[in-house]
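Participant: give me the fold of what follows.
(chains A and B)
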Amino acid sequence: MARFDPYENNGGTCVAVAGADYCVVAADTRLSVGYSILSRAHSKIAHLADKCVLASSGFQGDIKALQKNLTAKELVYEHNHNKKMSCPAMAQLLSNTLYYKRFFPYYAFNVLGGLDSEGKGCVFTYDAVGSYERTGYSAQGTGATLMMPVLDNQLKSPSPLLLPARDAVTPLSESEAVDLVKDVFASATERDIYTGDSVEIVVINSSGTHRECIELRKD
Amino acid sequence: MDACGTQAAAAAAGGEGTQRTLYPYVTGNSVIAMKYKDGVIMACDTGASYGSTLRYKSVERIKAVGKHSLIGGSGEFSDFQEILRYLDELTLSDHMWDDGNSLGPKEIHAYLTRVMYNRRNKFDPLWNSLVLGGVKKGPKGDEKYLGMVNMIGTHFEDNHLATGFGNHMAIPILRAEWREDMTFEEAIKLIEKCLLVLLYRDRSSINKFQIAKITTEGSTIYPPYALKTNWGFSAFENPSKGAVGTW
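Facilitator: Residues are numbered from 1 along each chain as shown, chains lettered A, B, ... in the order given. As a prediction, the model looks like this:
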């Protein structure tokens, strides 16, 4: 007899690319389980603060619980400190929130993107239990294995082993980065059955956030 | 108590044995629902099975919730009835505020989502897939709402939804033929097409259906009725014809 399983993988892919003065955060909008598609237009992206956007894939129930939790904590922070939370602060909060449930984890794979306090693009990438790293770009989710090598190849970020440490932000312009993101999603959609339908792209820069949706293959 | 699962659960609950739902007993089948011009329409059959035995043949699996919503439930029937009791409690306590406000479909769906997710966190799930539809006046006029939630708390909205087998058989039809501006008559026709496909191909579905609608005027749950079937298709009479290598 089949036993109760509290987890489900609803699939999806999240990507973020940071530039000198912008950050692109993107995720597809397909919600699947097994070979079934539950929805073709389900957003995986949460706007947590002015300059802080989270994209998550994994188990949708956990993702929504996690994103609502962070939104609520951000609001409390705003009331306590009379300012919005910075992206690096949110990054640490997300790590703590994930680790808090270390032994019954949120099945969520997160990419957090935004601008740091100097206005520079930043990307934080996580595993399900909270270990995280600041990088220049990242992909998470079912299509990450297809996208990450392409991003590595195209963005040529300096080795993290170099001393003194070099800036990890990508050399691309904002529009080049957006085009690259569109391309990696179109490519991953060809081979990953859990990625497709459409991709939601959020660009964060000094003038605010801008959102666009691009259609992807629906098969 | 079985070897590991239940005993460990009982120990975790502290001394006295407790029992969680480890698998469903009496289950209802697909619910299908869609938005149409004036609101939301929902339908399902009236059967509930005990394993593969058709145990109950005339149960209502679509109910009105408050003034603006309809709920449809598939999965464990006892859990569904418990959920209806929660919703009665919720709408009653909301009514007792006597402030002229009432919970809309969005709020009911948010509540259900939290209940389902909470119970899965306790490893004591309510074994259902629920569909919630409704219409309520909002700042931008009448707002139609249609959402779904399952036993572990996965939830989303869409223009048309189906649970269980319906997700395999009815959704493709709805995706091909659904329009935002369908009249009630067109909507009924499409829903019946889906129900008929399910009746032919889902062995546990029965030919006794209930359709319900919700508009700004309120909800109407129509009395059960049967659809006209045709079992004379040549593919039904000789299913293996042309299929080499089968019996």
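
Participant: low-confidence ranges in chain A?
Facilitator: Across chain A, residues meeting the criterion (pLDDT under 70) sit at A:1-2.

Participant: now do the helices in it.
Facilitator: When assigned using DSSP state H, the helices of chain A occupy the ranges A:60-81, A:87-100, A:144-155, A:174-191.

Participant: can you put these in JSON lines and add distance to A:Cys122 and mean neighbour count?
Facilitator: Where C-beta positions appear, they are placed from N, C-alpha and C, glycine not excepted. Listed next are these as JSON lines, based on distance: least, C-beta to C-beta, whole Å; neighbours: other C-beta atoms under 10 Å in any protein chain shown:
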{"stretch": "helix A:60-81", "distance to A:Cys122": "16", "mean neighbour count": "17"}
{"stretch": "helix A:87-100", "distance to A:Cys122": "5", "mean neighbour count": "19"}
{"stretch": "helix A:144-155", "distance to A:Cys122": "15", "mean neighbour count": "16"}
{"stretch": "helix A:174-191", "distance to A:Cys122": "14", "mean neighbour count": "18"}
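
Participant: to chain B, which of the ones you listed lies closest?
Facilitator: Proximity to chain B, assessed across the helices of chain A by C-beta to the nearest C-beta, is greatest for helix A:60-81 (3.3 Å).

Participant: any part of that closest one near chain B?
Facilitator: Yes - contact of helix A:60-81 with chain B (C-beta under 8 Å from any C-beta of the partner chain) involves A:60-61, A:64-65.

Participant: relative to helix A:87-100, how tilted is that helix?
Facilitator: Orientation check (axes from the mean of the first three to the mean of the last three C-alpha atoms, to 10 degrees): helix A:60-81 against helix A:87-100 gives 130 degrees.

Participant: so what touches helix A:60-81?
Facilitator: Helix A:60-81 is touched from outside by A:7-8, A:10, A:31, A:42, A:44, A:46, A:48-49, A:54, A:56-57, A:84-85, A:89-90, A:93-94, A:97-98, A:106-108, A:110, B:113, B:117, B:120, B:152-156, with contacts defined as C-beta atoms under 8 Å, 6 or more residues apart in numbering or on different chains.

Participant: now the buried members of the residues you listed.
Facilitator: Burial by neighbour count, 16 or more other C-beta atoms under 10 Å in any protein chain shown: within these this picks out A:8, A:10, A:31, A:42, A:44, A:46, A:48-49, A:54, A:56-57, A:84-85, A:89-90, A:93-94, A:97-98, A:106-108, A:110, B:113, B:117, B:120, B:152-156.

Participant: how far is stretch A:46-62 from where the chain is centred?
Facilitator: Its chain's average C-alpha position is 7 Å from that of stretch A:46-62, according to C-alpha atoms, centre = their mean, to the nearest Å.

Participant: what does chain A put close to chain B?
Facilitator: That would be A:1-8, A:10, A:31, A:33, A:36, A:38-39, A:41-42, A:59-61, A:64-65, A:104, which are the residues of chain A within reach of chain B (C-beta under 8 Å from any C-beta).

Participant: skip the chain neighbours and tell me the closest residue to A:Cys122.
Facilitator: In space, not counting the residues next to it along the chain, A:Cys122 is nearest to A:Asp116; the distance is 4.7 Å by C-beta to C-beta, 6 or more residues apart in numbering or on different chains.

Participant: count of neighbours near that neighbour?
Facilitator: 18 (other C-beta atoms under 10 Å in any protein chain shown).

Participant: pretty sure it sits against A:Cys87.
Facilitator: Yes - taking C-beta atoms under 8 Å as the contact criterion, A:Asp116 and A:Cys87 are neighbours in contact, 5.7 Å apart.

Participant: where do the contact lists of the two overlap?
Facilitator: Shared contacts of A:Asp116 and A:Cys87, counting by C-beta under 8 Å, 6+ apart, come down to A:Cys122.

Participant: about what we covered before: any idea how far the residue nearest to A:Cys122 is from chain B?
Facilitator: Distance of A:Asp116 to chain B, given as C-beta to the nearest C-beta, to the nearest Å: 33 Å.

Participant: contacting residues for that residue?
Facilitator: A:86-88, A:122.

Participant: what number of residues lie near B:Leu103?
Facilitator: By other C-beta under 10 Å, the burial measure for B:Leu103, its neighbour count, is 22.

Participant: B:Arg114 too?
Facilitator: Residues near B:Arg114, counting by other C-beta under 10 Å: 15.

Participant: what secondary structure does it sit in?
Facilitator: Classification of B:Arg114 using DSSP: H, G, I helix; E, B strand; the rest coil returns helix.

Participant: quick one: it and B:Val65, what's the gap?
Facilitator: Between B:Arg114 and B:Val65 the computed distance is 15 Å (C-beta to C-beta, to the nearest Å).

Participant: what's the answer for A:Lys156, then?
Facilitator: Counting by C-beta to C-beta, the separation of A:Lys156 from B:Val65 is 56 Å.

Participant: again with A:Pro164
Facilitator: If you go by C-beta to C-beta, the gap between A:Pro164 and B:Val65 works out to 63 Å.
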